[in-house]
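> sequence first, predicted coordinates after that:
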Amino acid sequence: MEKINNVTEFIFLGLSQNPEVEEVCLVLFSFFYAVILLGNLTIMLTVCMGNLLKSPMYFFLNFLSFVDICYSSIIVPKMIVDLLAKNKTISYAGCMLQLFGVHFLGCTEIFILTVMAYDRYVAICKPLHYMTIMDQKTCSKMLLGTWIGGFIHSIIQVALVVQLPFCGPNEIDHYFCDVHPVLKLACTDTYIVGIFVTANSGTISLGSFAILLFSYVFILHWLRNHSAEGRRKALSSCISHIIVVILFFGHFIFIYTRPATTFPMDKMIAVFYTIGTPLLNPLIYTLRNAEVKNAMRKLWSKKLVSDDRR
């Protein structure tokens with residue numbers, strides 16, 4: 001069947017059609033986006049200038065912050081502009097690009113979190129071989145693999161959507177272009193496409209979560225014969241990562257591992273993993289991680305001393 005595509009733009013329905021609610025959202029999300037940028041840039045600056053890039057954990061944390069900035073920047077600025085606009089429109093090409101970016105960076109973040117869990121497993125369970133296993137070359141290859149994996153995943157998602165015909169309805173019941181809301185507008189049966197979309201996202205989400213779970217099961221098993229002090233020190237380096245994983249994967253799995261259907265609560269859940277997680281990541285890692293806090297203190301102390309000398 002020949003593809004028919006009469007749709008040149010889509011209209012977002014947004015989080016709410018109530019002007020008063022939109023005004024509150026405008027203030028809140030503008031503030032949250034500023035905190036996301038400030039928090040993640042602070043971590044990147046601390047890691048780079050604090051000479052922490054040689055440590056695999058902070059090497060990956062640096063790029064996690066970078067991905068968080070990019071991920072939120074694909075969604076939040078457009079969302080803020082739409083809260084000010086009467087018509088919340090996006091071109092067809094813009095929608096496909098946003099869909100690609102959301103899945104590319106979201107999947108990359110999943111893989112980075114998985115690699116960080118493996119890093120903690122090696123650091124705790126094989127401490128004598130840690131720097132040999134997780135050398136700079138290996139870390140760089142693993143990081144490259146996260147980007148390639150994210151790219152392949154997003155290309156598949158976009159390829160499944162762009163081959164569909166869109167010939168009439170163009171109102172997306174969401175505040176950004178995502179696969180399930182867009183599939184609802186296609187002028188054909190999307191059951192098979194929906195299965196492939198769910199299988200693609202579900203395999204990555206559940207597979208990565210299983211690896212993360214097994215990593216921490218092994219860590220806990222390894223620590224059971226250690227002293228209480230040893231367990232405390234080891235777990236203190238993992239707890240931040242565990243919190244981030246639970247916050248991110250819980251909502252992500254709920255959205256992307258079920259059949260291609262949408263629920264009214266999906267938009268609110270999406271707010272959490274598109275805005276909440278990039279917002280909380282810097283706070284969690286800085287509040288729970290003594291080394292990051294110490295590096296920040298040293299960095300700002302040096303800055304204050306240099307300013308005083310001027």
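Structure received.

> dihedrals phi and psi, the residue lying closest to Lys126 once chain neighbours are set aside?
Spatial nearest neighbour of Lys126, excluding adjacent residues (CB to CB, 6 or more residues apart in numbering): Ile133 at 6.7 Å. Yep, even glycine has a C-beta here, placed from its N, CA and C like the rest. Per-residue torsions, Ile133: phi -70, psi -50 (degrees, to the nearest 10).

> can you read off the pLDDT for Ile133?
As predicted, Ile133 sits at a pLDDT of 92.

> let me see the confidence value for Asn62.
At Asn62, pLDDT is 92.

> ok, the one 3 residues further on next?
Listed pLDDT for Ser65 reads 93.

> ok, now the one 4 residues further on?
Looking at Ile69, its pLDDT stands at 95.

> same check on Pro264?
For Pro264, pLDDT reads 69.

> repeat for Ser301
The model reports Ser301 with a pLDDT of 68.

> number of nearby residues for the residue nearest to Lys126?
If you count neighbours by other CB atoms under 10 Å, Ile133 ends up with 13.

> swap in Gly168?
Count around Gly168 with other CB under 10 Å applied: 11.

> what segments of the protein are helices?
19-49, 56-84, 92-125, 130-133, 136-162, 179-183, 191-223, 228-236, 239-256, 266-271, 277-288, 290-309 (DSSP state H).

> output those helices in JSON lines, with distance to Ile172 appended to each entry.
Listed next are the helices of the chain as JSON lines, based on distance: least, CB to CB, whole Å:
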{"stretch": "helix 19-49", "distance to Ile172": "17"}
{"stretch": "helix 56-84", "distance to Ile172": "11"}
{"stretch": "helix 92-125", "distance to Ile172": "8"}
{"stretch": "helix 130-133", "distance to Ile172": "45"}
{"stretch": "helix 136-162", "distance to Ile172": "12"}
{"stretch": "helix 179-183", "distance to Ile172": "5"}
{"stretch": "helix 191-223", "distance to Ile172": "16"}
{"stretch": "helix 228-236", "distance to Ile172": "43"}
{"stretch": "helix 239-256", "distance to Ile172": "15"}
{"stretch": "helix 266-271", "distance to Ile172": "11"}
{"stretch": "helix 277-288", "distance to Ile172": "22"}
{"stretch": "helix 290-309", "distance to Ile172": "39"}
